[in-house]
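Peer 1: what follows is a predicted structure for the sequence shown.
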Amino acid sequence: EYPSTFRSIGKDSRNQVLSLLESLQYETLLSYNYENLEWNPRLATHWKISSDSLTYWYRLDPRSLWADGKEVTTDDIISTFKLLIDDGHEDPNVSAFWNDNFEMPIAESKYIIKITAKKKDWRTFRYFSSGFSIMPSTYLNKIDGAGYIEKYDFSFMPGSGPYEYDKTSSKKGNEGYIILQKRADWWAENDLINQ
């Protein structure tokens with residue numbers, strides 16, 4: 001069944017196909033290796049948890065790039081978080097969840113971000129590390145939650161992941177299909193974890 005939207009955030013976005021589209025085009029800060037039971041780098045190369053387990057720091061990989069060639073920075077994490085907590089995307093469960101669990105992220109530098117959880121919970125590090133995909137602030141800063149559900153209903157911002165949407169080859173509608181092309185310029189293609 002062709003999805004009712006391409007968005008992974010906002011109303012009508014709970015669909016397994018949308019999660020797949022998101023995970024192939026956008027990346028999280030970390031990924032969890034269930035075989036080795038350990039966290040692996042994605043957009044972040046390093047991470048640290050405070051002794052009280054409420055504050056986390058992530059250092060972004062300075063090599064990470066969006067498909068349009070711009071750098072991935074802490075501004076992108078902050079803009080994505082602002083979208084998650086914005087009621088305008090019309091998914092109150094999402095905005096309440098992120099508002100209830102985390103303070104606004106703080107950019108300590110271009111590549112280092114500080115996150116503070118509002119309550120001690122073993123899941124909060126996992127939520128922030130791999131619970132949402134980072135999107136580019138260059139595009140997010142031009143819209144709010146309502147603008148996001150309108151503008152990105154059937155389109156995508158440039159991602160940092162290995163694939164991108166091929167609008168020309170795809171066909172919309174009930175008899176439609178979605179084509180993703182592997183990016184020849186994916187910044188992390190040669191990393192050992194991606195081989």
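Peer 2: That came through fine.

Peer 1: CA only for contacts and neighbour counts going forward, please
Peer 2: Fine.

Peer 1: ok, residues contacting the top helix by length along the chain?
Peer 2: Ordering each helix of the chain by length in residues (DSSP state H) puts helix 74-85 first. With CA atoms under 8 Å, 6 or more residues apart in numbering as the contact definition, helix 74-85 has outside contacts at 9, 60, 89, 94-96, 98-99, 104-107, 109-113, 134-138, 140-141, 144-145.

Peer 1: swap the cut-off to 6 Å and go again
Peer 2: Outside helix 74-85, the residues within contact range by CA atoms under 6 Å, 6 or more residues apart in numbering are 95, 98-99, 105, 107, 110-111, 113, 134-137, 145.

Peer 1: could I have it exported to CSV, CA atoms only?
Peer 2: Presented in CSV, the C-alpha positions along helix 74-85 are these (Å, rounded to 0.1, in the frame of the first residue of the first chain):
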residue,chain,number,x,y,z
THR,A,74,25.0,20.4,16.4
ASP,A,75,22.6,23.0,14.9
ASP,A,76,21.0,20.1,13.0
ILE,A,77,20.4,18.2,16.2
ILE,A,78,18.8,21.2,17.9
SER,A,79,16.6,22.0,14.9
THR,A,80,15.4,18.3,14.7
PHE,A,81,14.7,18.4,18.4
LYS,A,82,12.7,21.6,18.0
LEU,A,83,10.6,19.9,15.3
LEU,A,84,10.0,16.9,17.5
ILE,A,85,8.6,19.1,20.4
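
Peer 1: can you name the element that comes right after that helix?
Peer 2: Once the chain leaves helix 74-85, the next helix or strand it forms, by DSSP states H and E, is helix 92-101.

Peer 1: residue farthest from the centroid of the protein?
Peer 2: Relative to the mean C-alpha coordinate of the chain, counting by CA atoms, centre = their mean, the farthest residue is residue 175 (29.0 Å).

Peer 1: tell me the contacts of the most centrally placed residue in the chain?
Peer 2: By CA atoms, centre = their mean, the chain has its centre lying nearest to residue 133, at 1.3 Å. By CA under 6 Å, 6+ apart, the residues touching residue 133 are 26-28.

Peer 1: please repeat the previous calculation with a cut-off of 10 Å.
Peer 2: Residues near residue 133 by CA atoms under 10 Å, 6 or more residues apart in numbering: 8, 19, 22-23, 25-30, 43, 77, 80-81, 159-161.

Peer 1: wait, residue 44 sits on residue 112?
Peer 2: Yes. With contacts counted by CA atoms under 10 Å, residue 44 reaches residue 112, the gap being 9.0 Å.

Peer 1: so which strand or helix has residue 122?
Peer 2: Element membership of residue 122 [criterion: DSSP H and E] is none; it lies in no helix or strand.
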